[in-house]
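Novice: Fold the following for me, if possible:
(2 chains)
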Amino acid sequence: MILFFISLIFSVAEGSIYQTVGTRYKEVGQSVVIKNMPAYRTQDGLGLCYAAATTTLLDHFYCKEKKIDCKSRSNDERISLLSVAGHNSYLGDEIHVGGRPAKILNNIKNKILNNKKPFILKEKCAPYESLMLEHYAYRDRNGMAQTAREQAAGWYFLKNIFDNKYKNRDRNTLACTIKEKLKINKSLESIIKTLDAFIFENFVYQVLIDKGCLSQESSYIDIPLFENKNYPDHDKEKSVNYTLGIEKLNNLLLNKIPVQVNICANYVVEGETAKKNEIMGDACSGHAVVVSGMKKVCRNKNDCKTLIKIHNSYGKDWQDNHNEGWVDAEPILKASITGDFRNSFNWIQPVGKTLENFKVRRKPKRTKLKNKKYIAPALIKGRQCQGTAYA
Amino acid sequence: MKFYLLFLLLLNPTLAKTISLKRLVPNKYLTVEIVLSKGLRVSSNCQKSCLALIHSKQRSLKLKKNSIGLKGHPASEICHKVGGKNIILYDDLKNQYDYCFFTKDQSYINSWDLVK
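Specialist: Numbers count the residues shown, from 1 in each chain, chains lettered A, B, ... in the order given. Next up is the predicted model:
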(Lines give C-alpha, C1' and ligand atoms only; values in the text may rest on other atoms or scores of the structure.)
Protein backbone atom coordinates (compact mmCIF):
# COMPACT_ATOMS: atom_id res chain seq x y z
CA MET A 1 0.00 0.00 0.00
CA ILE A 2 2.81 2.36 1.02
CA LEU A 3 4.71 1.49 -2.15
CA PHE A 4 1.60 2.22 -4.16
CA PHE A 5 1.35 5.72 -2.72
CA ILE A 6 5.07 6.35 -3.19
CA SER A 7 4.83 5.30 -6.85
CA LEU A 8 1.82 7.59 -7.20
CA ILE A 9 3.75 10.58 -5.90
CA PHE A 10 6.64 9.96 -8.25
CA SER A 11 4.45 9.39 -11.23
CA VAL A 12 2.69 12.70 -10.59
CA ALA A 13 6.01 14.48 -10.16
CA GLU A 14 7.30 13.05 -13.40
CA GLY A 15 4.22 14.05 -15.31
CA SER A 16 4.96 17.71 -15.45
CA ILE A 17 8.09 19.36 -16.68
CA TYR A 18 7.58 22.04 -14.03
CA GLN A 19 9.29 20.38 -11.09
CA THR A 20 9.63 22.27 -7.86
CA VAL A 21 12.07 21.18 -5.16
CA GLY A 22 11.35 20.67 -1.48
CA THR A 23 12.40 22.88 1.42
CA ARG A 24 15.36 20.57 2.08
CA TYR A 25 17.16 22.23 -0.79
CA LYS A 26 18.91 25.35 0.42
CA GLU A 27 20.12 28.19 -1.73
CA VAL A 28 23.87 28.30 -2.28
CA GLY A 29 25.85 31.04 -3.97
CA GLN A 30 24.38 34.09 -5.55
CA SER A 31 21.07 34.05 -7.32
CA VAL A 32 20.09 36.30 -10.18
CA VAL A 33 16.57 37.70 -10.36
CA ILE A 34 15.41 40.35 -12.80
CA LYS A 35 13.48 43.10 -11.12
CA ASN A 36 10.57 45.12 -12.41
CA MET A 37 8.96 42.24 -14.27
CA PRO A 38 5.35 42.96 -15.27
CA ALA A 39 2.42 41.40 -13.40
CA TYR A 40 1.51 37.79 -14.15
CA ARG A 41 -0.93 37.15 -16.97
CA THR A 42 -3.14 34.24 -17.84
CA GLN A 43 -3.81 33.08 -21.36
CA ASP A 44 -7.02 31.44 -20.09
CA GLY A 45 -8.45 28.99 -22.60
CA LEU A 46 -6.81 30.36 -25.70
CA GLY A 47 -3.65 29.15 -27.40
CA LEU A 48 -1.99 32.54 -27.15
CA CYS A 49 0.94 31.62 -24.91
CA TYR A 50 3.31 32.88 -27.60
CA ALA A 51 1.71 36.32 -27.44
CA ALA A 52 1.63 36.33 -23.63
CA ALA A 53 5.36 35.55 -23.41
CA THR A 54 6.25 38.13 -26.06
CA THR A 55 4.08 40.73 -24.33
CA THR A 56 5.95 40.07 -21.07
CA LEU A 57 9.29 40.68 -22.84
CA LEU A 58 8.03 43.87 -24.48
CA ASP A 59 6.39 45.09 -21.27
CA HIS A 60 9.62 44.62 -19.33
CA PHE A 61 11.71 46.27 -22.05
CA TYR A 62 9.36 49.24 -22.22
CA CYS A 63 9.33 49.73 -18.43
CA LYS A 64 13.13 49.45 -18.27
CA GLU A 65 13.83 51.86 -21.10
CA LYS A 66 11.24 54.39 -19.95
CA LYS A 67 12.30 53.90 -16.33
CA ILE A 68 8.84 53.25 -15.00
CA ASP A 69 7.60 50.83 -12.37
CA CYS A 70 5.93 48.07 -14.39
CA LYS A 71 3.50 47.14 -11.64
CA SER A 72 2.40 50.71 -10.91
CA ARG A 73 0.59 51.02 -14.21
CA SER A 74 -3.14 50.43 -14.36
CA ASN A 75 -4.31 47.39 -16.28
CA ASP A 76 -5.59 49.62 -19.07
CA GLU A 77 -2.11 51.04 -19.60
CA ARG A 78 -0.38 47.69 -20.07
CA ILE A 79 0.51 46.35 -23.50
CA SER A 80 -2.44 44.55 -25.04
CA LEU A 81 -1.76 40.87 -25.55
CA LEU A 82 -4.22 40.70 -28.46
CA SER A 83 -2.51 43.62 -30.12
CA VAL A 84 0.86 41.85 -29.87
CA ALA A 85 -0.69 38.62 -31.18
CA GLY A 86 -1.71 40.60 -34.28
CA HIS A 87 1.96 40.83 -35.30
CA ASN A 88 2.38 37.09 -35.71
CA SER A 89 1.83 37.23 -39.45
CA TYR A 90 4.05 39.10 -41.85
CA LEU A 91 1.31 41.37 -43.13
CA GLY A 92 -0.08 41.81 -39.62
CA ASP A 93 -3.66 42.29 -38.54
CA GLU A 94 -4.35 38.63 -37.91
CA ILE A 95 -4.78 36.79 -34.62
CA HIS A 96 -3.86 33.12 -34.78
CA VAL A 97 -4.10 30.36 -32.21
CA GLY A 98 -0.47 29.30 -31.94
CA GLY A 99 2.42 31.43 -33.11
CA ARG A 100 6.11 32.19 -32.81
CA PRO A 101 7.55 34.86 -30.49
CA ALA A 102 10.63 35.30 -32.71
CA LYS A 103 8.41 36.16 -35.65
CA ILE A 104 6.41 38.72 -33.68
CA LEU A 105 9.54 40.43 -32.37
CA ASN A 106 11.00 40.54 -35.85
CA ASN A 107 7.84 42.00 -37.36
CA ILE A 108 7.56 44.68 -34.66
CA LYS A 109 11.23 45.61 -34.95
CA ASN A 110 10.96 45.93 -38.74
CA LYS A 111 7.94 48.19 -38.41
CA ILE A 112 9.81 50.47 -36.02
CA LEU A 113 12.84 50.46 -38.36
CA ASN A 114 10.68 51.46 -41.30
CA ASN A 115 9.29 54.34 -39.28
CA LYS A 116 5.89 52.77 -39.19
CA LYS A 117 3.92 52.78 -36.01
CA PRO A 118 4.15 49.25 -34.69
CA PHE A 119 0.55 49.54 -33.51
CA ILE A 120 1.13 48.08 -30.13
CA LEU A 121 -1.95 49.17 -28.31
CA LYS A 122 -2.77 49.52 -24.66
CA GLU A 123 -5.03 46.97 -23.02
CA LYS A 124 -7.93 49.41 -22.98
CA CYS A 125 -8.05 49.33 -26.78
CA ALA A 126 -8.12 45.54 -27.05
CA PRO A 127 -9.17 43.97 -23.74
CA TYR A 128 -8.40 40.26 -23.51
CA GLU A 129 -11.68 39.67 -21.70
CA SER A 130 -13.59 40.29 -24.94
CA LEU A 131 -13.07 36.66 -25.90
CA MET A 132 -14.16 35.21 -22.57
CA LEU A 133 -17.78 34.59 -23.49
CA GLU A 134 -20.40 32.61 -21.65
CA HIS A 135 -21.19 29.21 -23.11
CA TYR A 136 -22.46 29.77 -26.55
CA ALA A 137 -25.18 27.81 -28.36
CA TYR A 138 -25.18 27.74 -32.15
CA ARG A 139 -25.95 25.65 -35.20
CA ASP A 140 -23.08 24.27 -37.21
CA ARG A 141 -22.76 24.20 -41.02
CA ASN A 142 -24.98 21.11 -41.17
CA GLY A 143 -27.65 22.77 -39.10
CA MET A 144 -26.93 20.63 -36.04
CA ALA A 145 -27.37 22.25 -32.64
CA GLN A 146 -24.03 22.67 -30.87
CA THR A 147 -22.90 24.23 -27.66
CA ALA A 148 -19.46 25.71 -27.41
CA ARG A 149 -18.70 24.56 -23.90
CA GLU A 150 -15.05 24.59 -24.77
CA GLN A 151 -12.71 27.22 -23.57
CA ALA A 152 -12.97 30.72 -24.92
CA ALA A 153 -16.40 30.40 -26.40
CA GLY A 154 -15.90 33.89 -27.84
CA TRP A 155 -13.51 32.42 -30.38
CA TYR A 156 -16.12 29.84 -31.47
CA PHE A 157 -18.79 32.50 -31.52
CA LEU A 158 -16.76 34.58 -33.98
CA LYS A 159 -15.86 31.49 -36.02
CA ASN A 160 -19.52 30.63 -36.40
CA ILE A 161 -20.44 34.17 -37.40
CA PHE A 162 -17.64 34.20 -39.97
CA ASP A 163 -18.47 30.78 -41.43
CA ASN A 164 -22.13 31.70 -41.84
CA LYS A 165 -21.80 35.32 -42.86
CA TYR A 166 -22.97 34.67 -46.41
CA LYS A 167 -26.05 32.78 -45.26
CA ASN A 168 -27.24 35.65 -43.15
CA ARG A 169 -27.57 38.65 -45.39
CA ASP A 170 -28.67 40.97 -42.65
CA ARG A 171 -25.25 42.33 -41.79
CA ASN A 172 -26.73 44.81 -39.38
CA THR A 173 -28.14 42.00 -37.22
CA LEU A 174 -24.81 40.17 -37.32
CA ALA A 175 -22.98 43.31 -36.25
CA CYS A 176 -25.49 43.89 -33.45
CA THR A 177 -24.98 40.30 -32.22
CA ILE A 178 -21.20 40.75 -32.17
CA LYS A 179 -21.44 44.07 -30.35
CA GLU A 180 -23.88 42.73 -27.79
CA LYS A 181 -22.15 39.41 -27.14
CA LEU A 182 -18.57 40.61 -26.98
CA LYS A 183 -19.51 43.92 -25.37
CA ILE A 184 -17.06 45.88 -27.48
CA ASN A 185 -16.93 49.65 -27.76
CA LYS A 186 -17.22 49.97 -31.50
CA SER A 187 -19.69 51.55 -33.85
CA LEU A 188 -22.02 49.24 -35.76
CA GLU A 189 -20.63 50.59 -39.05
CA SER A 190 -17.09 49.55 -38.16
CA ILE A 191 -18.28 46.09 -37.09
CA ILE A 192 -20.18 45.70 -40.37
CA LYS A 193 -16.95 46.49 -42.23
CA THR A 194 -15.15 43.65 -40.42
CA LEU A 195 -17.49 41.19 -42.13
CA ASP A 196 -15.67 41.94 -45.38
CA ALA A 197 -12.55 40.19 -44.12
CA PHE A 198 -11.41 37.26 -46.28
CA ILE A 199 -9.64 35.30 -43.56
CA PHE A 200 -11.09 34.40 -40.18
CA GLU A 201 -7.93 35.44 -38.30
CA ASN A 202 -8.11 38.89 -39.89
CA PHE A 203 -11.80 39.11 -38.98
CA VAL A 204 -10.95 38.32 -35.32
CA TYR A 205 -8.29 41.03 -35.33
CA GLN A 206 -10.58 43.61 -36.84
CA VAL A 207 -13.38 42.85 -34.40
CA LEU A 208 -11.23 42.85 -31.27
CA ILE A 209 -8.81 45.66 -31.98
CA ASP A 210 -10.22 49.13 -31.71
CA LYS A 211 -8.74 50.78 -34.79
CA GLY A 212 -10.00 54.13 -33.56
CA CYS A 213 -7.29 53.89 -30.93
CA LEU A 214 -4.60 53.95 -33.59
CA SER A 215 -5.24 57.61 -34.29
CA GLN A 216 -4.81 58.57 -30.64
CA GLU A 217 -1.23 58.78 -29.47
CA SER A 218 -2.23 58.13 -25.88
CA SER A 219 -3.63 54.74 -26.87
CA TYR A 220 -0.56 53.02 -28.17
CA ILE A 221 2.75 52.07 -26.65
CA ASP A 222 5.77 53.83 -28.08
CA ILE A 223 8.29 51.00 -27.86
CA PRO A 224 11.90 52.11 -28.43
CA LEU A 225 13.84 50.33 -31.18
CA PHE A 226 15.33 47.04 -30.03
CA GLU A 227 17.45 44.22 -31.32
CA ASN A 228 15.86 40.81 -31.22
CA LYS A 229 18.20 37.90 -30.70
CA ASN A 230 17.85 34.18 -30.45
CA TYR A 231 19.72 31.07 -29.44
CA PRO A 232 20.75 28.60 -30.66
CA ASP A 233 21.35 29.83 -34.14
CA HIS A 234 20.83 26.54 -35.93
CA ASP A 235 22.92 27.61 -38.89
CA LYS A 236 25.96 28.20 -36.70
CA GLU A 237 25.50 26.12 -33.59
CA LYS A 238 24.92 22.55 -34.62
CA SER A 239 25.13 20.91 -31.26
CA VAL A 240 23.67 22.59 -28.25
CA ASN A 241 23.17 20.75 -25.01
CA TYR A 242 21.79 21.45 -21.55
CA THR A 243 25.11 22.75 -20.17
CA LEU A 244 25.59 25.24 -23.00
CA GLY A 245 21.97 26.26 -22.72
CA ILE A 246 22.16 26.95 -19.00
CA GLU A 247 25.37 28.96 -19.48
CA LYS A 248 23.72 31.09 -22.14
CA LEU A 249 20.65 31.62 -20.01
CA ASN A 250 22.75 32.53 -16.98
CA ASN A 251 24.75 35.02 -19.02
CA LEU A 252 21.65 36.75 -20.34
CA LEU A 253 20.06 36.95 -16.90
CA LEU A 254 23.27 38.42 -15.46
CA ASN A 255 22.94 41.07 -18.16
CA LYS A 256 19.46 41.74 -16.73
CA ILE A 257 17.69 40.42 -19.79
CA PRO A 258 14.62 38.20 -19.36
CA VAL A 259 14.55 35.34 -21.84
CA GLN A 260 11.59 33.86 -23.65
CA VAL A 261 11.96 30.08 -23.83
CA ASN A 262 10.07 27.74 -26.17
CA ILE A 263 9.30 24.36 -24.63
CA CYS A 264 7.37 21.14 -25.18
CA ALA A 265 4.98 21.27 -22.27
CA ASN A 266 2.82 18.29 -23.00
CA TYR A 267 1.82 16.05 -20.21
CA VAL A 268 -0.96 13.55 -19.73
CA VAL A 269 -3.03 13.51 -16.58
CA GLU A 270 -5.11 10.42 -16.12
CA GLY A 271 -7.11 10.08 -12.95
CA GLU A 272 -4.75 10.84 -10.11
CA THR A 273 -1.57 9.87 -11.90
CA ALA A 274 0.41 11.31 -14.72
CA LYS A 275 2.59 9.72 -17.35
CA LYS A 276 6.03 10.92 -18.11
CA ASN A 277 5.87 13.58 -20.76
CA GLU A 278 6.98 12.77 -24.24
CA ILE A 279 9.30 15.51 -25.27
CA MET A 280 9.87 14.68 -28.89
CA GLY A 281 7.60 14.03 -31.81
CA ASP A 282 3.95 14.75 -32.25
CA ALA A 283 3.30 14.70 -28.53
CA CYS A 284 5.21 17.95 -28.14
CA SER A 285 2.71 20.58 -27.22
CA GLY A 286 4.48 23.84 -27.86
CA HIS A 287 4.43 26.37 -25.08
CA ALA A 288 6.23 29.64 -24.48
CA VAL A 289 7.38 30.99 -21.12
CA VAL A 290 9.69 33.72 -19.89
CA VAL A 291 12.63 33.05 -17.57
CA SER A 292 13.49 35.87 -15.19
CA GLY A 293 15.83 34.33 -12.62
CA MET A 294 18.28 31.58 -11.80
CA LYS A 295 19.75 30.11 -8.63
CA LYS A 296 21.51 27.05 -7.33
CA VAL A 297 20.10 24.96 -4.49
CA CYS A 298 21.64 21.98 -2.68
CA ARG A 299 20.31 19.31 -0.36
CA ASN A 300 23.80 17.98 0.29
CA LYS A 301 27.20 18.06 -1.38
CA ASN A 302 26.17 15.54 -4.00
CA ASP A 303 22.64 16.70 -4.65
CA CYS A 304 22.41 20.16 -6.18
CA LYS A 305 20.02 21.60 -8.73
CA THR A 306 19.79 24.72 -10.82
CA LEU A 307 16.43 26.43 -10.53
CA ILE A 308 15.01 28.95 -12.93
CA LYS A 309 12.21 31.40 -12.27
CA ILE A 310 9.50 30.87 -14.83
CA HIS A 311 7.11 33.66 -15.69
CA ASN A 312 4.30 31.52 -17.04
CA SER A 313 1.08 32.64 -18.71
CA TYR A 314 -1.03 30.48 -16.38
CA GLY A 315 -1.88 33.24 -13.91
CA LYS A 316 -0.66 34.13 -10.43
CA ASP A 317 -2.04 30.96 -8.84
CA TRP A 318 0.16 28.79 -11.01
CA GLN A 319 3.14 30.81 -9.80
CA ASP A 320 2.06 30.41 -6.17
CA ASN A 321 1.52 26.67 -6.61
CA HIS A 322 4.97 26.32 -8.17
CA ASN A 323 7.16 27.99 -5.58
CA GLU A 324 6.71 31.45 -7.12
CA GLY A 325 7.77 29.96 -10.44
CA TRP A 326 11.12 28.55 -9.23
CA VAL A 327 11.37 25.17 -10.95
CA ASP A 328 14.13 22.73 -11.88
CA ALA A 329 15.95 24.06 -14.93
CA GLU A 330 16.94 20.69 -16.37
CA PRO A 331 13.60 19.34 -17.65
CA ILE A 332 12.63 22.77 -18.95
CA LEU A 333 15.82 23.34 -20.88
CA LYS A 334 15.91 19.79 -22.15
CA ALA A 335 12.33 20.19 -23.35
CA SER A 336 13.46 23.37 -25.03
CA ILE A 337 16.80 22.63 -26.59
CA THR A 338 16.24 18.99 -27.42
CA GLY A 339 12.73 19.70 -28.67
CA ASP A 340 12.10 20.41 -32.29
CA PHE A 341 12.57 24.11 -31.96
CA ARG A 342 14.71 26.50 -33.85
CA ASN A 343 15.78 29.37 -31.71
CA SER A 344 14.76 27.99 -28.32
CA PHE A 345 15.60 31.26 -26.56
CA ASN A 346 14.46 34.69 -27.71
CA TRP A 347 15.21 38.02 -26.12
CA ILE A 348 15.37 41.71 -26.88
CA GLN A 349 18.02 44.23 -25.99
CA PRO A 350 18.69 47.91 -26.66
CA VAL A 351 20.26 48.64 -30.05
CA GLY A 352 24.05 48.57 -30.01
CA LYS A 353 24.29 47.15 -26.51
CA THR A 354 27.14 44.72 -26.10
CA LEU A 355 26.41 42.06 -23.58
CA GLU A 356 28.93 41.46 -20.88
CA ASN A 357 30.31 37.96 -20.94
CA PHE A 358 29.95 36.54 -17.46
CA LYS A 359 31.98 33.40 -17.45
CA VAL A 360 30.58 30.59 -15.40
CA ARG A 361 32.90 29.76 -12.54
CA ARG A 362 33.82 26.17 -12.91
CA LYS A 363 35.14 24.16 -10.03
CA PRO A 364 38.95 24.03 -10.24
CA LYS A 365 40.39 20.61 -10.92
CA ARG A 366 41.35 18.93 -7.72
CA THR A 367 44.65 17.16 -7.30
CA LYS A 368 44.85 13.97 -5.35
CA LEU A 369 47.51 14.13 -2.65
CA LYS A 370 49.15 11.33 -0.78
CA ASN A 371 47.21 11.88 2.40
CA LYS A 372 44.00 11.78 0.33
CA LYS A 373 43.22 15.44 0.91
CA TYR A 374 42.08 17.28 -2.20
CA ILE A 375 43.39 20.77 -2.78
CA ALA A 376 42.68 22.94 -5.76
CA PRO A 377 45.75 23.45 -8.04
CA ALA A 378 45.49 27.20 -7.72
CA LEU A 379 45.79 26.95 -3.98
CA ILE A 380 48.80 24.63 -4.22
CA LYS A 381 50.49 27.05 -6.59
CA GLY A 382 49.86 29.95 -4.23
CA ARG A 383 51.29 28.11 -1.30
CA GLN A 384 54.30 27.00 -3.33
CA CYS A 385 55.11 30.62 -4.08
CA GLN A 386 55.34 31.25 -0.40
CA GLY A 387 57.62 28.31 -0.05
CA THR A 388 55.13 26.08 1.63
CA ALA A 389 53.72 22.89 0.17
CA TYR A 390 51.03 20.63 1.39
CA ALA A 391 52.06 17.16 2.19
CA MET B 1 -9.61 18.71 22.40
CA LYS B 2 -7.32 21.64 21.62
CA PHE B 3 -6.46 20.15 18.25
CA TYR B 4 -10.12 19.54 17.55
CA LEU B 5 -10.94 23.19 18.25
CA LEU B 6 -8.04 24.34 16.12
CA PHE B 7 -9.26 22.08 13.34
CA LEU B 8 -12.74 23.58 13.56
CA LEU B 9 -11.29 27.08 13.53
CA LEU B 10 -9.30 26.34 10.41
CA LEU B 11 -12.38 24.94 8.71
CA ASN B 12 -14.48 27.96 9.51
CA PRO B 13 -14.51 30.05 6.35
CA THR B 14 -15.60 33.21 8.14
CA LEU B 15 -12.35 33.20 10.07
CA ALA B 16 -10.25 32.60 7.02
CA LYS B 17 -8.42 35.46 5.38
CA THR B 18 -10.53 37.23 2.80
CA ILE B 19 -8.90 38.41 -0.40
CA SER B 20 -10.44 41.05 -2.61
CA LEU B 21 -10.01 40.50 -6.32
CA LYS B 22 -11.47 42.46 -9.17
CA ARG B 23 -13.29 41.39 -12.29
CA LEU B 24 -13.34 43.51 -15.41
CA VAL B 25 -16.80 43.93 -16.89
CA PRO B 26 -17.27 46.49 -19.65
CA ASN B 27 -15.92 49.82 -18.46
CA LYS B 28 -15.80 48.94 -14.75
CA TYR B 29 -14.41 46.56 -12.17
CA LEU B 30 -16.51 44.40 -9.85
CA THR B 31 -15.08 43.33 -6.51
CA VAL B 32 -15.10 39.61 -5.76
CA GLU B 33 -14.39 38.54 -2.18
CA ILE B 34 -12.49 35.26 -2.02
CA VAL B 35 -12.41 33.10 1.12
CA LEU B 36 -10.86 29.75 1.99
CA SER B 37 -13.51 27.10 2.48
CA LYS B 38 -12.57 23.45 3.03
CA GLY B 39 -9.15 24.18 1.60
CA LEU B 40 -10.59 25.66 -1.59
CA ARG B 41 -10.51 29.27 -2.69
CA VAL B 42 -14.11 30.24 -3.36
CA SER B 43 -16.20 33.39 -3.48
CA SER B 44 -17.72 34.62 -0.22
CA ASN B 45 -21.23 33.65 -1.38
CA CYS B 46 -20.11 30.02 -0.97
CA GLN B 47 -20.29 30.01 2.82
CA LYS B 48 -22.59 26.98 2.93
CA SER B 49 -23.27 25.54 -0.47
CA CYS B 50 -22.84 26.71 -4.01
CA LEU B 51 -22.32 25.30 -7.47
CA ALA B 52 -18.61 26.02 -7.27
CA LEU B 53 -18.25 23.74 -4.23
CA ILE B 54 -20.54 21.07 -5.67
CA HIS B 55 -18.55 20.93 -8.89
CA SER B 56 -15.27 20.86 -7.02
CA LYS B 57 -16.27 17.41 -5.74
CA GLN B 58 -16.89 16.16 -9.26
CA ARG B 59 -13.67 17.58 -10.54
CA SER B 60 -12.33 15.75 -13.48
CA LEU B 61 -8.60 15.38 -13.79
CA LYS B 62 -8.74 13.46 -17.01
CA LEU B 63 -7.16 15.58 -19.68
CA LYS B 64 -6.68 14.53 -23.25
CA LYS B 65 -3.25 14.24 -24.76
CA ASN B 66 -2.14 17.53 -26.28
CA SER B 67 -4.73 19.23 -24.16
CA ILE B 68 -2.45 22.06 -23.24
CA GLY B 69 -0.27 24.32 -25.30
CA LEU B 70 -2.19 25.48 -28.31
CA LYS B 71 -5.53 25.19 -26.58
CA GLY B 72 -4.95 27.15 -23.41
CA HIS B 73 -4.05 25.96 -19.96
CA PRO B 74 -5.36 22.87 -18.11
CA ALA B 75 -7.19 24.72 -15.31
CA SER B 76 -9.25 26.57 -17.85
CA GLU B 77 -10.10 23.34 -19.66
CA ILE B 78 -11.22 21.59 -16.48
CA CYS B 79 -13.35 24.58 -15.50
CA HIS B 80 -15.19 24.37 -18.78
CA LYS B 81 -15.55 20.60 -18.42
CA VAL B 82 -17.38 20.98 -15.13
CA GLY B 83 -19.71 23.55 -16.67
CA GLY B 84 -18.11 26.76 -15.48
CA LYS B 85 -16.64 29.70 -17.29
CA ASN B 86 -13.00 30.48 -16.71
CA ILE B 87 -12.69 34.17 -16.04
CA ILE B 88 -9.82 36.47 -15.14
CA LEU B 89 -9.69 38.26 -11.80
CA TYR B 90 -7.10 40.88 -10.85
CA ASP B 91 -5.35 41.75 -7.61
CA ASP B 92 -4.09 45.22 -6.69
CA LEU B 93 -0.75 44.53 -8.40
CA LYS B 94 -2.62 43.70 -11.63
CA ASN B 95 -1.65 40.04 -11.43
CA GLN B 96 -4.22 37.86 -13.16
CA TYR B 97 -5.95 34.87 -11.53
CA ASP B 98 -8.06 32.13 -13.11
CA TYR B 99 -11.40 31.61 -11.44
CA CYS B 100 -14.15 29.25 -12.53
CA PHE B 101 -17.45 31.10 -12.54
CA PHE B 102 -20.93 29.56 -12.34
CA THR B 103 -23.54 31.87 -13.80
CA LYS B 104 -26.55 30.29 -12.08
CA ASP B 105 -25.60 31.20 -8.54
CA GLN B 106 -22.78 33.65 -9.31
CA SER B 107 -20.24 31.56 -7.39
CA TYR B 108 -16.51 31.34 -8.10
CA ILE B 109 -13.82 28.77 -7.37
CA ASN B 110 -10.13 29.03 -8.13
CA SER B 111 -9.68 27.08 -11.38
CA TRP B 112 -6.36 25.60 -10.26
CA ASP B 113 -8.11 24.18 -7.19
CA LEU B 114 -10.06 22.01 -9.61
CA VAL B 115 -6.87 20.57 -11.07
CA LYS B 116 -5.17 19.51 -7.87
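Novice: All the strands of chain B, residue numbers only.
Specialist: B:19-25, B:28-37, B:40-43, B:85-90, B:96-102, B:107-110 (DSSP state E).
Novice: Could you dump these into TSV and include mean neighbour count and distance to chain A?
Specialist: Where C-beta positions appear, they are placed from N, C-alpha and C, glycine not excepted. Shown next, in TSV, are those (neighbours: other CB atoms under 10 Å in any protein chain shown; distance: least, CB to the nearest CB, whole Å):
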stretch	mean neighbour count	distance to chain A
strand B:19-25	17	5
strand B:28-37	16	9
strand B:40-43	22	8
strand B:85-90	23	6
strand B:96-102	26	5
strand B:107-110	26	6
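Novice: Mind putting the ones you listed into JSON lines with mean pLDDT and distance to A:Val290?
Specialist: Below are the strands of chain B laid out as JSON lines (pLDDT from 0 to 100; distance: least, CB to CB, whole Å):
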{"stretch": "strand B:19-25", "mean pLDDT": "89", "distance to A:Val290": "23"}
{"stretch": "strand B:28-37", "mean pLDDT": "89", "distance to A:Val290": "26"}
{"stretch": "strand B:40-43", "mean pLDDT": "90", "distance to A:Val290": "25"}
{"stretch": "strand B:85-90", "mean pLDDT": "89", "distance to A:Val290": "19"}
{"stretch": "strand B:96-102", "mean pLDDT": "92", "distance to A:Val290": "15"}
{"stretch": "strand B:107-110", "mean pLDDT": "92", "distance to A:Val290": "23"}
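Novice: Mind checking those for the one nearest to A:Asn114?
Specialist: Among the strands of chain B, the nearest to A:Asn114 by CB to CB is strand B:96-102 (33.3 Å).
Novice: Next, the angle strand B:19-25 makes with that closest one.
Specialist: 80 degrees (axes from the mean of the first three to the mean of the last three CA atoms, to 10 degrees).
Novice: Pull up the pairing partners for strand B:96-102, direction included.
Specialist: Neighbouring strands of strand B:96-102 in its sheet, by DSSP bridges, are strand B:85-90 (antiparallel), strand B:107-110 (antiparallel).
Novice: wait, does the helix or strand A:Ile332 falls within make contact with chain B?
Specialist: In the assignment (DSSP states H and E), A:Ile332 maps to helix A:329-337. No - for helix A:329-337, no contact with chain B is found by CB under 8 Å from any CB of the partner chain; the gap never falls below 11.6 Å.
Novice: Show the subsequent helix or strand relative to that helix.
Specialist: Using DSSP H and E, the helix or strand that follows helix A:329-337 in sequence is strand A:345-350.
Novice: Contacts made by that next one with the rest, please.
Specialist: A:57-58, A:61, A:65, A:101-102, A:105, A:224, A:226-232, A:245, A:248-249, A:252, A:255, A:257-262, A:336, A:355 (CB atoms under 8 Å, 6 or more residues apart in numbering or on different chains).
Novice: let's see it at 7 Å
Specialist: A:57, A:61, A:65, A:101-102, A:105, A:226-231, A:248-249, A:252, A:257-261 (CB atoms under 7 Å, 6 or more residues apart in numbering or on different chains).
Novice: now those residues: which count as buried?
Specialist: The neighbour count (16 or more other CB atoms under 10 Å in any protein chain shown) marks A:57, A:61, A:101-102, A:105, A:226, A:228-231, A:248-249, A:252, A:257-261 as buried among those.
Novice: which residues does residue 93 contact?
Specialist: Chain wasn't specified; assuming chain A. The contact partners of A:Asp93, taken as CB under 7 Å, 6+ apart, are A:Gly86, A:Asn202, A:Tyr205.
Novice: oops, chain B please
Specialist: A:Ala39, A:Lys71.
Novice: thinking again about what came up before, list the contacts of the helix holding A:Ile332.
Specialist: For helix A:329-337, contacts defined as CB under 7 Å, 6+ apart pick out A:17, A:19, A:240-242, A:245-246, A:261-264, A:279, A:306-308, A:344.
Novice: Check the gap between A:Ile199 and A:Tyr205 for me.
Specialist: As judged by CB to CB, to the nearest Å, A:Ile199 and A:Tyr205 stand 9 Å apart.
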